[in-house]
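Undergrad: Sequence unavailable; structure follows:
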């Protein structure tokens, strides 16, 4: 596992897909301020990943300058169904650590599929990433950003419209470019 390449590909994805396509209108500010932590773990099992997530949550508690964390786990939960079920354990960990309402976990996976879609539907790319990852966000920051946005409830529909205009072939090419980009 080449952690440097995995982190680089993920950074490329954030910049070229999430920010450039404006899928998350809040991402650019955190990236520009260098408040996004990218952490690649070698965890291979759910148990090991939960332990890493616990450490990541504790790290974020102790470091308020880190706005958000992308916990990238390329060796664990490669199957989307397993990953999706794991999210319940991640949420339970937030409760067990008394961090519910302080942090939330957003989900991204290379094979992400919304329940009402077909696997090949382009709107699934709103939550697809080069590698499986857990995105840990500060609730207070999310709420503040949403309050400042003129129409946060329209973001998902706008993203779907944008991706449909671009098409699956375009999105696949973007993802290939991110995964295959060379480290400068």
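TA: Structure received. Predicted, not measured: the structure shown is a model, and the values here were computed from it. Numbering: from 1, shown residues only.
Undergrad: Which helix or strand in this structure has the lowest average pLDDT?
TA: When the helices and strands of the chain are scored by mean pLDDT, DSSP states H and E, helix 139-148 comes last with a mean of 90.
Undergrad: buried stuff in that one?
TA: Within helix 139-148, the residues that count as buried by 16 or more other CB atoms under 10 Å are 141, 142, 145. In this view, the C-beta of every residue, glycine as well, is placed from N, C-alpha and C.
Undergrad: and if you look at stretch 104-114?
TA: Buried, per 16+ other CB under 10 Å, within stretch 104-114: 104, 105, 107, 108, 109, 110, 112, 113.
Undergrad: which of these lies closest to residue 72?
TA: Lowest distance from residue 72 to the buried residues of stretch 104-114 (CB to CB) belongs to residue 108, with 9.2 Å.
Undergrad: dump the residue contacts of the closest one.
TA: 127, 128, 129, 132, 133, 134, 135 (CB atoms under 8 Å, 6 or more residues apart in numbering).
Undergrad: from those, which is closest to residue 96?
TA: residue 134 (15.7 Å).
Undergrad: residues contacting the closest residue to the closest one other than its chain neighbours?
TA: Using CB to CB, 6 or more residues apart in numbering and skipping residues adjacent in sequence, the residue nearest residue 134 is residue 71, 4.5 Å away. Residue 71 is in contact with 39, 41, 52, 53, 56, 133, 134, 135, 136, counting by CB under 8 Å, 6+ apart.
Undergrad: So residue 75: helix, strand or coil?
TA: At residue 75 the chain is in coil, as set by DSSP: H, G, I helix; E, B strand; the rest coil.
Undergrad: pLDDT score for the nearest residue to residue 168 once chain neighbours are set aside?
TA: Spatially, and ignoring its direct neighbours in sequence, residue 168 is nearest to residue 122 (4.7 Å; CB to CB, 6+ apart). Note for residue 122: predicted pLDDT of 96.
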